[in-house]
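Asker: fold the following, please.
(chains A and B)
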Amino acid sequence: DAKTTQPPSMDCAEGRAANLPCNHSTISGNEYVYWYRQIHSQGPQYIIHGLKNNETNEMASLIITEDRKSSTLILPHATLRDTAVYYCIVRSRSGSARQLTFGSGTQLTVLP
Amino acid sequence: GAVVSQHPSRVICKSGTSVKIECRSLDFQATTMFWYRQFPKKSLMLMATSNEGSKATYEQGVEKDKFLINHASLTLSTLTVTSAHPEDSSFYICSASDRSNTGELFFGEGSRLTVL
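Answerer: This is a model prediction of the structure:
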């Protein structure tokens, strides 16, 4: 699975959009970009994933650059409950279940 | 999404005792479950892959006799920390994938083990 690089920490004002970047310059053609978050002392929570098109769901939007070497997770209106560590993970989907390899992630702190 | 439940969420035990942590997929069948370990302020590290009806596959450096994994049914995997010591104190998290092959993994709430 390709390696990802994320900033260690970011702050965001409550109510504003939080934009979390991720670099994955070695991503291969069959690898997807997944985003999970982990609120303190809880298990990781799935947010969104994509291959090459931008994706949006009720939680967030995922913007993937045309060359797929980087992506941005957007939380459109951050709340205090969005404070968490956000993990960007790249891996391929396959016919059998495969584990996720977690990097260091980005600690997002939403400020009141 | 699918639900994975862990029990207990917190456990405190004395050194030398064994502790069992359960991981259940509540609304789907999971032929494969994963066990992770997380130390304070660190990321999740995969310990082992649990396969229903067969032996677990352990990551390098993880003692299989120390961390016993049993995956006896399609909805239950257990992790037993044997002869626990204070250095085994950690946050243990399981995850599972349903059979839809979306690539999404569902995680349990985690179990915090404290060994005195």
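
Asker: quick one: buried residues of the helix or strand containing B:A48?
Answerer: Secondary structure assignment for B:A48, by DSSP states H and E: strand B:45-51. Buried residues in strand B:45-51, counted by 16 or more other CB atoms under 10 Å in any protein chain shown: B:L46, B:M47, B:A48, B:T49, B:S50, B:N51. Heads up, the C-betas are built off the backbone N, CA and C, glycines and all.

Asker: same check, this time on stretch A:36-53
Answerer: Under the neighbour-count criterion of 16+ other CB under 10 Å, stretch A:36-53 has A:Y36, A:R37, A:Q38, A:Q42, A:G43, A:P44, A:Y46, A:I47, A:I48, A:H49, A:G50 buried.

Asker: residues of chain B that sit close to chain A?
Answerer: When proximity is defined by CB under 8 Å from any CB of the partner chain, chain B lies next to chain A at B:1, B:4, B:6, B:30-32, B:34, B:36, B:43-46, B:49, B:91, B:93, B:95-97, B:101-110, B:112.

Asker: list only buried entries from the residues you listed.
Answerer: Buried subset of the residues of chain B next to chain A (neighbour count, 16+ other CB under 10 Å): B:4, B:6, B:30-32, B:34, B:36, B:44, B:46, B:49, B:91, B:93, B:95-97, B:103-108, B:110, B:112.

Asker: now intersect the residues of chain B next to chain A with the strands, please.
Answerer: B:4, B:6, B:32, B:34, B:36, B:45-46, B:49, B:91, B:93, B:95-96, B:106-107, B:112 (DSSP state E).

Asker: just checking, B:T49 touches B:F34?
Answerer: Yes - counting by CB atoms under 8 Å, B:T49 does reach B:F34; the two are 5.6 Å apart.

Asker: who touches both of the two?
Answerer: Counting by CB atoms under 8 Å, 6 or more residues apart in numbering or on different chains, the contacts common to B:T49 and B:F34 are A:Q99.

Asker: also near chain B: which of the buried residues of stretch A:36-53, exactly?
Answerer: Subset of the buried residues of stretch A:36-53 in contact with chain B: A:Y36, A:Q38, A:Q42, A:G43, A:P44, A:Y46, A:H49, counting by CB under 8 Å from any CB.

Asker: which residues of chain A lie near chain B?
Answerer: So chain A meets chain B at A:32, A:34, A:36, A:38, A:41-46, A:49, A:87, A:91-105 (CB under 8 Å from any CB).

Asker: which other helices and strands contact the strand holding B:A48?
Answerer: Packing partners of strand B:45-51 (3 or more CB pairs under 8 Å, 6 or more residues apart in numbering or on different chains; DSSP states H and E): strand B:32-38, strand B:57-58, strand B:67-73.

Asker: the same query, at a cut-off of 6 Å, please.
Answerer: Packing partners of strand B:45-51 (3 or more CB pairs under 6 Å, 6 or more residues apart in numbering or on different chains; DSSP states H and E): strand B:32-38, strand B:67-73.

Asker: center of chain B - which residue?
Answerer: Most central in chain B under CA atoms, centre = their mean is B:W35, positioned 3.7 Å from the mean C-alpha point.

Asker: which non-adjacent residue is nearest that one?
Answerer: Computed as CB to CB, 6 or more residues apart in numbering or on different chains, the closest residue to B:W35 that is not its neighbour in sequence is B:M47, at 4.6 Å.

Asker: might one say that the residue nearest to the centre of chain B is in contact with B:L79?
Answerer: Yes - counting by CB atoms under 6 Å, B:W35 does reach B:L79; the two are 5.3 Å apart.
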